[in-house]
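**Student:** Fold the stuff below for me.
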Amino acid sequence: MEKALFAFRHYSFSRAELNLKNLPENATFSLDFSPKGIYDEENGLFELTMIFRAKVRNRNVVLVESNSVYEFKDHIRLEDIPSYFYPNSIAILFPYIRSFVSTLTLQANVQPIILPTMNLTGLQDILKKNTSKK
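**Tutor:** Below you'll find the predicted structure:
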């Protein structure tokens, strides 16, 4: 059996904002994910930064910035990162974002925002475009 090309090393949240003031009852949220990556070829480390926003009428109600690090077993060049890495790195991080948003809103003693299971494969091209070398 072949070992995986990359491994998920860790994640953290560097920013969390909550603005529930004057939030209408039964508000409809628009959800936005903004991924970007920085790849350190020398060390084989890829840092994925994902900003999540839940908005009501173009106003951020929840804003969360997460950072995750993936390590490639072989220190490959940025151009050689396989295309499947991009959607998989997002899919690995999403459950942590989902849990954090639910906990954050629950602790505010309001109706928690529970993100549904989502197919975020559409973000892979954005992540690839927004990835640079360290």
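**Student:** wait, doesn't Leu31 sit right on Val56?
**Tutor:** No - proximity of Leu31 to Val56 does not meet the contact threshold set by Cβ atoms under 8 Å, at 11.0 Å. In short, each C-beta sits where N, CA and C put it, glycine included.
**Student:** what's near enough to touch Tyr70?
**Tutor:** By Cβ atoms under 8 Å, 6 or more residues apart in numbering, the residues touching Tyr70 are 6-9, 45-46, 48, 85, 89, 92.
**Student:** Helix, strand, or coil at it?
**Tutor:** Using DSSP: H, G, I helix; E, B strand; the rest coil, the structure places Tyr70 in strand.
**Student:** Could you list everything it pairs with in the sheet?
**Tutor:** Beta-bridge partners for Tyr70, by DSSP bridges, are Phe8, Phe46.
**Student:** And Phe6, how close does it get to Ile76?
**Tutor:** Using Cβ to Cβ, to the nearest Å, Phe6 is found at 9 Å from Ile76.
**Student:** Please identify which of those two sits among more neighbours.
**Tutor:** Neighbours per residue (other Cβ atoms under 10 Å) separate Phe6 from Ile76, with Phe6 holding more: 21 against 15.
**Student:** By residue count, tell me the biggest helix in this structure.
**Tutor:** Ranked by residue count, the top helix of the chain under DSSP state H comes out as helix 85-107.
**Student:** And it, what does it pack against?
**Tutor:** In terms of contacts (3 or more Cβ pairs under 8 Å, 6 or more residues apart in numbering; DSSP states H and E), helix 85-107 is packed against strand 6-18, strand 30-40, strand 45-56, strand 59-72, helix 124-129.
**Student:** Many thanks, have a good one.
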